[in-house]
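# Sequence and computational prediction follow.
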Amino acid sequence: MKQTVLGNIKSQPEVLKYTLDNQNVFVDPFVEVFKKHDIKKVFFFGSGTSYNVSQIAAYYFKHIVGIDASAQYPTVYQNYEKPDWTGMLKNDQILYVGISQSGTSVSTCEVMEYAKKNGYLTLAITGNLQSKITENTDISVHLLVGDELTPPETKGYTVSVLSVYLWAIGVAKAKNIYTEEQYQETLKEAADLVNHFQTVLDESEAWYDRNNASIVNSERIYVLGYGVDYGSMLEGVLKAGEMLRLPVLGYELEEYSHGPTMAIGPKQTILMIGSDEAEYERMLQFRTAYKKYTPRVHVITCKDIPDADKRDAVFSVKTNKYLAPLMYTVPFQFVAAKGAEQVYIDTGVDPFEESLAHYPKAK
Ligand SMILES: N[C@@H]1[C@@H](O)[C@H](O)[C@@H](COP(=O)(O)O)O[C@@H]1O
């Protein structure tokens with residue numbers, strides 16, 4: 001049967017559970033690199049959805065593992081950055097991680113080749129272990145998403161975020177940053193979220209269904225995020241942009257208040273993503289202010305909002321701020337896929353036929 005984006009979205013409870021249950025496949029080889037080498041810095045690379053995952057991965061490695069980590073656009077990195085501007089690190093203290101579900105994104109493959117040629121440690125995570133990216137990396141591990149045969153990635157995103165989270169807590173355990181007890185506790189939190197993912201889907205779809213009329217009729221959509229959910233914001237922008245195809249703009253929460261607000265109007269939709277971090281109260285302050293200019297203000301969170309209304313998606317499933325991006329992306333998946341369906345866009349077809357972004361698939 002032909003895959004659909006909506007079908008892939010709805011398969012997430014199952015595919016996330018499979019990923020969690022089989023995590024040794026991709027966690028063990030990754031943690032091994034940290035056991036063998038004194039890694040001081042990690043670069044994460046990816047394109048599109050996989051770049052957005054890289055943003056979240058870098059956050060995890062900085063804030064869970066306590067290591068220097070960053071997400072980079074492959075081409076920008078290759079042309080304008082250096083592995084170590086201080087010149088103090090040895091090659092085997094720097095790890096390059098390429099994230100590519102297909103394994104064929106041109107710039108991600110190229111930056112990994114560049115890193116390998118220059119003698120740095122390279123590791124890829126991909127859904128296809130025969131793909132191009134695996135030719136250019138020391139180690140390739142399997143992204144357990146199965147086939148995603150639609151042009152936009154949805155389940156690929158959540159499986160990738162869960163995978164990089166499991167990497168981070170696995171490394172935290174190996175480096176004694178987490179005690180065995182803390183590790184088990186965090187693993188349990190991940191399992192709890194995965195086991196409740198059907199509720200996340202149901203609540204996201206119900207939220208979309210009660211708000212769809214105003215969302216698909218927006219003159220533009222703004223997505224605002226902060227902290228770890230800066231990456232969630234990027235993914236929200238990408239999904240709505242590639243499927244619903246309305247003008248969609250994304251900003252860091254505070255940054256949006258510096259100018260873009262001059263254009264605010266009643267036919268604009270503002271979607272704010274909020275985890276349990278320093279900016280949470282600030283987001284609620286902005287929510288009250290923006291509501292004076294447009295009624296279409298939505299907060300997506302699992303924290304309590306004292307005056308939550310039907311525009312907000314307040315999940316009954318609760319989780320920590322690191323895992324929350326897994327669920328906060330789901331409302332955007334529905335905006336993108338169901339919204340597209342309602343305006344007769346076929347998300348199974350990519351109308352842009354130029355094969356510039358990807359290498360051809362391995363046979
Ligand atoms: N339209 C897709 C995006 O949805 C995807 O995120 C990107 C990266 O793909 P990959 O993860 O396979 O490198 O490729 C294409 O551009």
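On my side now, so go ahead.
# all contacts plus neighbour counts: C-alpha atoms, from now on.
Fine.
# So L123 belongs to a helix, correct?
No - with DSSP: H, G, I helix; E, B strand; the rest coil as the criterion, L123 is strand rather than part of a helix.
# Can you show me the helices along the stretch 251-363 of the chain?
Assigned by DSSP state H, counting those that start in this stretch, the helices in the stretch 251-363 of the chain fall at 253-256, 280-290, 324-342.
# So which of those helices is nearest F61?
Evaluated with Cα to Cα, these place helix 324-342 nearest to F61, the distance being 15.2 Å.
# any residues touching that closest one, and which ones?
5-6, 9, 154, 158, 161-162, 197, 200-201, 204-205, 207-208, 212, 215-216, 228-229, 232, 235-236, 239-245, 273, 275, 300-302, 346-347 (Cα atoms under 8 Å, 6 or more residues apart in numbering).
# In ChimeraX, how would I select just the buried ones from the residues you listed?
Buried residues within the contacts of helix 324-342, by 16 or more other Cα atoms under 10 Å, are selected in ChimeraX with:
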select :5,6,9,154,158,161,162,197,200,201,204,205,207,208,212,215,216,228,229,232,235,236,239,240,241,242,243,244,273,275,300,301,302,346,347
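# With Y256 as the reference, measure out to A263.
From A263 over to Y256 the distance is 11 Å, taken as Cα to Cα, to the nearest Å.
# Count the neighbours of W85 for me.
Neighbours of W85 under the rule other Cα atoms under 10 Å: 8.
# next one: T86
7.
# Among the contacts of helix 324-342, which ones are in helices?
5-6, 9, 158, 161-162, 197, 200-201, 204-205, 207-208, 212, 215-216, 229, 232, 235-236, 239 (DSSP state H).
# quick revisit: of A263 and Y256, which one has the most company?
Using other Cα under 10 Å as the criterion, A263 and Y256 rank with Y256 on top: 18 against 7.
# if you skip the residues just before and after it, what's nearest to the more buried one?
Take Y256 and drop its neighbours on the chain: the residue closest to it by Cα to Cα, 6 or more residues apart in numbering is L224, 7.4 Å away.
# Can you verify my assumption that that neighbour contacts L271?
Yes - the pair L224 / L271 is scored as a contact, 6.2 Å apart, by Cα atoms under 8 Å.
# Which of the helices of the stretch 251-363 of the chain sits closest to P29?
With Cα to Cα, the closest approach to P29 among the helices of the stretch 251-363 of the chain belongs to helix 324-342: 23.4 Å.
# The closest one close to the ligand?
No - figure legend: helix 324-342 not in contact with the ligand (Cα under 6 Å from any ligand atom); closest approach 11.7 Å.
# and that helix, C-alpha only, in CSV?
Provided in CSV are the C-alpha atoms of helix 324-342 (Å, rounded to 0.1, in the frame of the first residue of the first chain):
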residue,chain,number,x,y,z
ALA,A,324,9.2,17.5,25.1
PRO,A,325,10.3,18.3,21.5
LEU,A,326,9.2,14.8,20.5
MET,A,327,5.6,15.7,21.2
TYR,A,328,5.7,19.4,20.4
THR,A,329,6.4,18.6,16.7
VAL,A,330,3.2,16.5,16.3
PRO,A,331,0.7,19.5,16.2
PHE,A,332,2.9,20.9,13.3
GLN,A,333,2.8,17.6,11.5
PHE,A,334,-1.0,17.8,11.6
VAL,A,335,-1.1,21.4,10.5
ALA,A,336,1.2,20.5,7.6
ALA,A,337,-0.4,17.2,6.5
LYS,A,338,-4.1,17.6,7.3
GLY,A,339,-3.9,21.3,6.4
ALA,A,340,-2.5,20.4,3.0
GLU,A,341,-5.2,17.8,2.5
GLN,A,342,-7.9,20.3,3.2
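# Report the separation between the most centrally placed residue in the chain and L326.
The residue lying closest to the centre of the chain (Cα atoms, centre = their mean) is V53, at 3.7 Å. To L326, V53 is 10 Å away according to Cα to Cα.
# what does the stretch 1-150 of the chain have sitting close to the ligand?
Proximity of the stretch 1-150 of the chain to the ligand (Cα under 6 Å from any ligand atom) is limited to residues 47-50, 100-105.
# Go through these and flag which are in strands.
The strands, defined by DSSP state E, take in nothing from those.
# so can I have JSON lines of these showing distance to V25, pLDDT and neighbour count?
JSON lines is the format used below for these (distance: Cα to Cα, whole Å; pLDDT from 0 to 100; neighbours: other Cα atoms under 10 Å):
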{"residue": "S47", "distance to V25": "23", "pLDDT": "97", "neighbour count": "22"}
{"residue": "G48", "distance to V25": "24", "pLDDT": "96", "neighbour count": "18"}
{"residue": "T49", "distance to V25": "22", "pLDDT": "97", "neighbour count": "25"}
{"residue": "S50", "distance to V25": "19", "pLDDT": "98", "neighbour count": "24"}
{"residue": "S100", "distance to V25": "17", "pLDDT": "97", "neighbour count": "29"}
{"residue": "Q101", "distance to V25": "16", "pLDDT": "96", "neighbour count": "31"}
{"residue": "S102", "distance to V25": "18", "pLDDT": "95", "neighbour count": "25"}
{"residue": "G103", "distance to V25": "17", "pLDDT": "96", "neighbour count": "28"}
{"residue": "T104", "distance to V25": "21", "pLDDT": "96", "neighbour count": "22"}
{"residue": "S105", "distance to V25": "23", "pLDDT": "96", "neighbour count": "23"}
